[in-house]
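Novice: Quick one: sequence and predicted model below, then my questions.
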Amino acid sequence: MKERILVTGGAGYVGSVCVANLKDRDYQVLVYDNLSTGHRASVPEGVMLEVADLAESERLSGVMSSFQPDFVMHFAASALLGESMSKPLDYYANNVTNGHNLLRIMVEHDVKSLVFSSTCAIYGEPERIPMTESDPRRPMNPYGRSKLAFEHLLEDCDAAYGLKSVCLRYFNAAGAEAGLGEDHSPETHLIPNVLKTALGLREKLVVFGDDYPTPDGTCVRDYVHIADIADAHEKALDVLRRRTSEKINLGNGTGFSVLDVIKTAEKVAGKAIPYRVSARREGDPAVLVASADKAGKVLGWRPAYASLGSIIESAWKWHVEHPDGYRS
Ligand SMILES: NC(=O)c1ccc[n+]([C@@H]2O[C@H](COP(=O)([O-])OP(=O)(O)OC[C@H]3O[C@@H](n4cnc5c(N)ncnc54)[C@H](O)[C@@H]3O)[C@@H](O)[C@H]2O)c1
């Protein structure tokens, strides 16, 4: 019998690619999504979609008892770092209170295995690079703090109820796969904004700060392809089948500056990408690069998209084919 996976936020950018991967691998998948930032069109044909909010306890409870998932993958969240500074109450409500609701209903229905979309934002300014899972966690914004609070809740639920979880701490998710790509509004992520500028959909890219202590003065990040993230999610199920809990970084282990991304995108797109430098954004650490050692050891995970060029190429193809995102 096929294993059943309930995917919250499965109509979003990362979730949709994970859903498509699970469907191809013969799992039975149900997407639970309020479509606040997700897209109906990103849910593959043949996958059940329940359009509902995590706060709707009766709906969620009904889905839990009729679908009886073996696993839950929890992508649903409010995930804009900048917005979290002006709307902390909304961020804690969605990322902690609604997450708590999900866990409560899981426990009530004896569903005790969860993969959680955590983030490198829980670490804050790193003390050393590359960053390992045991490094200090000092998030610099309400988004990161809400995600870390949910990790704490998961630890407590493991101790009290035996609810096992794998927290996958993604660094910067990027790229496109199987006709699925990044379509956020507003878009705050660098690669889609660089490519939209290359397509003439934005006049000029804004680079936030060129006075960081990095080789070219711009922020350095670790970009990881969504197909590799999807692969890690499937591998995380084995950890849960062994009835263990883990916290694992997902990154390529290599850092690229904002200017590296622009230069690589110019090569891929074959055109110059105009940009201007503005002040630093509050809450942006200079360098965030993962140690991917634990993902290799525990999950047997090796990213297939190890080069920035291959990640940007896949995203560029998607943006050329979908200049208006999922409305195209
Ligand atoms: N994109 C990244 O680079 C990145 C990096 C680190 C961590 N993450 C985490 O990965 C997850 C997915 O990120 P994404 O970029 O795909 O975001 P996204 O906004 O594209 O997807 C989130 C999905 O959750 C749904 N959703 C939100 N709140 C909901 C609620 N209360 N009830 C039901 N559905 C709800 C949205 O409609 C959307 O489909 C998030 O948890 C985010 O914190 C993302």
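Specialist: Ah, there it is.
Novice: Do a quick rundown of the strands in the protein.
Specialist: If DSSP state E is used as the criterion, the strands of the chain fall at 4-8, 28-33, 48-51, 71-74, 113-119, 164-170, 172-174, 205-208, 220-221, 223-225, 246-250, 256-257, 275-278, 287-288.
Novice: now for the last one, which elements pack on it?
Specialist: Right, strand 287-288. Using 3 or more CB pairs under 8 Å, 6 or more residues apart in numbering; DSSP states H and E as the contact test, the elements touching strand 287-288 are strand 220-221. (C-beta placed from N, C-alpha, C; glycine too.)
Novice: what's the answer for the fourth one, then?
Specialist: Counting by 3+ CB pairs under 8 Å, 6+ apart, the packing neighbours recorded for strand 71-74 are strand 4-8, helix 98-108, strand 113-119, helix 226-241.
Novice: Could you pull out the buried residues of stretch 230-245?
Specialist: Neighbour counts over stretch 230-245 (16 or more other CB atoms under 10 Å) mark A230, D231, A232, H233, E234, K235, A236, L237, V239, L240, S245 as buried.
Novice: which residues touch the third one?
Specialist: Applying CB atoms under 8 Å, 6 or more residues apart in numbering, we find A232 in contact with L168, I248, L250, A295, L299, W301.
Novice: coming back round to it: wait, which of the buried residues of stretch 230-245 is closest to K2?
Specialist: Within the buried residues of stretch 230-245, the smallest distance to K2 is 12.7 Å, found for L237 (CB to CB).
Novice: Check the gap between the spatially closest residue to L299 that is not a sequence neighbour and G300 for me.
Specialist: Nearest residue to L299, sequence neighbours excluded (CB to CB, 6 or more residues apart in numbering): K235, at 4.1 Å. From K235 over to G300 the distance is 6 Å, taken as CB to CB, to the nearest Å.
Novice: cool, F208 as well?
Specialist: F208 is 37 Å from G300, by CB to CB.
Novice: what's the answer for R59, then?
Specialist: 37 Å.
Novice: Give me the more crowded residue out of these two.
Specialist: R59 (15 against 10; other CB atoms under 10 Å).
Novice: The closest residue to the more buried one other than its chain neighbours: neighbour count?
Specialist: Spatial nearest neighbour of R59, excluding adjacent residues (CB to CB, 6+ apart): A52 at 4.2 Å. The tally of other residues near A52 (other CB under 10 Å) stands at 17.
Novice: so A52 touches S61, yeah?
Specialist: No. Applying CB atoms under 8 Å, one finds A52 not in contact with S61, separated by 10.9 Å.
Novice: How about the residues of the stretch 1-150 of the chain by the ligand?
Specialist: Proximity of the stretch 1-150 of the chain to the ligand (CB under 6 Å from any ligand atom) is limited to residues 8-9, 11-15, 33-38, 53-54, 75-77, 79, 94, 98, 117, 119.
Novice: tell me the mean pLDDT over the longest helix along the chain?
Specialist: Using DSSP state H, we find that the single longest helix of the chain is helix 142-161. Mean pLDDT, computed over helix 142-161, is 98.
Novice: Can you list the buried residues in that helix?
Specialist: Applying 16+ other CB under 10 Å to helix 142-161 flags 142-151, 153-154, 157-158 as buried.
Novice: What is the nearest of those residues to the ligand?
Specialist: The closest of the buried residues of helix 142-161 to the ligand turns out to be K147 (CB to the nearest ligand atom; 6.3 Å).
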